[in-house]
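Chemist: what would the 3D arrangement of this be:
(one chain, ligands or ions: 1)
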Amino acid sequence: MAETSDQGVTGDPHWNLTPLPADRGAPDLPRLAEALREFNDLMTGAVAPPDLVKEMLRQVEAFNSELRAHQVPERDQIIGRIDVPGRAQGLIPVVHTDSSGPDHLHGRVRFGRYYLGRNGAVYGGAIPLLFDSLLGRVSNGGGRLPSRTAYLHVDYRSITPIGTDLRFEARFVREEGRKRFIEGALYNGDTLCAEAEGLFITLRPGQA
Ligand SMILES: CCCCCCCC/C=C\CCCCCCCC(=O)SCCNC(=O)CCNC(=O)[C@H](O)C(C)(C)COP(=O)(O)OP(=O)(O)OC[C@H]1O[C@@H](n2cnc3c(N)ncnc32)[C@H](O)[C@@H]1OP(=O)(O)O
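Modeler: Residues are numbered from 1 along each chain as shown. Just a heads-up that it's a prediction; the model follows:
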């Protein structure tokens, strides 16, 4: 699968994104995020021996202690930026885009073991998280002004399996004044796993 980021917004005044500084570990951050995602999946599925748990605890505490010295204000933060592949964080699985345009976004996503709810199914709460991101990208694409989610309605139609390539579709349905209605669907093969409708409101000038 080709890695696809949410590129295309850098330099867009709406998003106020400065170019990524190359000297801030940016080339390695997506790889670090990938390693952390794999760590989350492996850790979730493991029953690790006590010595390994003890050693991991020691190392993670050491990293935490170092990171405390490097905390920055939100405007300087790199993790989570939409122009970093996978946003360099583990909240949402990496989304691969197959087709995107002003009014649609189609692609694939795979939830790892980390997202397991029960019986091989993705934890239900992770699915609205994905839809908010996908529908939000459609709402905020096409050169439109920034918007914010007012509501997100999700229907769970069948189990969403972990460890499986899923297909998603999101589309801009209609606009009424500041209200934008966006819909999305998530499929396992031909099986509809979940579908969503979101209302996004265009932010007024100065509305943060
Ligand atoms: C911050 C933007 C995102 C940045 C992301 C970085 C860039 C990324 C780009 C792309 C990549 C991914 C993108 C992801 C995107 C995710 C987005 C989120 O998750 S945002 C966080 C969760 N949402 C909130 O925290 C909202 C909290 N609520 C509010 O702030 C306000 O309620 C707000 C702005 C939504 C509306 O407030 P008002 O005062 O501006 O406007 P009023 O007058 O209340 O509503 C306008 C119209 O909408 C209706 N409306 C509002 N809320 C409604 C609701 N819940 N249900 C039905 N109608 C509603 C109202 O009835 C009104 O309709 P009538 O014009 O009278 O016809």
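Chemist: where does the prediction get shaky in this structure?
Modeler: Counting by pLDDT under 70, the chain contains low-confidence ranges at 1-26, 83-86, 88.
Chemist: which residue does it bring closest to the ligand?
Modeler: Minimum separation of the chain from the ligand (CB to the nearest ligand atom) falls at G136, amounting to 2.3 Å. C-betas here are computed from N, CA, C, even on glycine.
Chemist: is the host helix or strand of D98 positioned near the ligand?
Modeler: Secondary structure assignment for D98, by DSSP states H and E: strand 95-101. No. If you take CB under 6 Å from any ligand atom as the test, strand 95-101 misses the ligand, and the best it gets is 9.9 Å.
Chemist: assign a three-state SS to the closest residue to the residue of the chain closest to the ligand other than its chain neighbours, would you?
Modeler: In this structure, G136 finds its nearest non-sequential neighbour in T149, 6.4 Å apart by CB to CB, 6 or more residues apart in numbering. Here T149 is strand, with the state taken from DSSP: H, G, I helix; E, B strand; the rest coil.
Chemist: shouldn't T149 be in contact with L134?
Modeler: No. Assessed by CB atoms under 8 Å, T149 is found out of contact with L134, at 11.5 Å.
Chemist: quick one: L135 is in a strand?
Modeler: No. Looking at L135 with three-state DSSP, it is helix, so not inside a strand.
Chemist: run a quick neighbour tally on it.
Modeler: 28 (other CB atoms under 10 Å).
Chemist: enumerate every residue touching it.
Modeler: 149, 152, 170, 182-184, 196, 198, 200 (CB atoms under 8 Å, 6 or more residues apart in numbering).
Chemist: can you give me the helices for the chain?
Modeler: All helices of the chain, identified by DSSP state H, fall at 29-45, 50-67, 126-139.
Chemist: any idea which of those helices is most buried?
Modeler: helix 126-139 (a mean of 22; mean count of other CB atoms under 10 Å).
Chemist: relative to strand 95-101, how tilted is that helix?
Modeler: Interaxial angle of helix 126-139 relative to strand 95-101 (axes from the mean of the first three to the mean of the last three CA atoms, to 10 degrees): 30 degrees.
Chemist: now helix 126-139: how far from the chain's centre is it?
Modeler: The chain centroid and the centroid of helix 126-139 are separated by 8 Å under CA atoms, centre = their mean, to the nearest Å.
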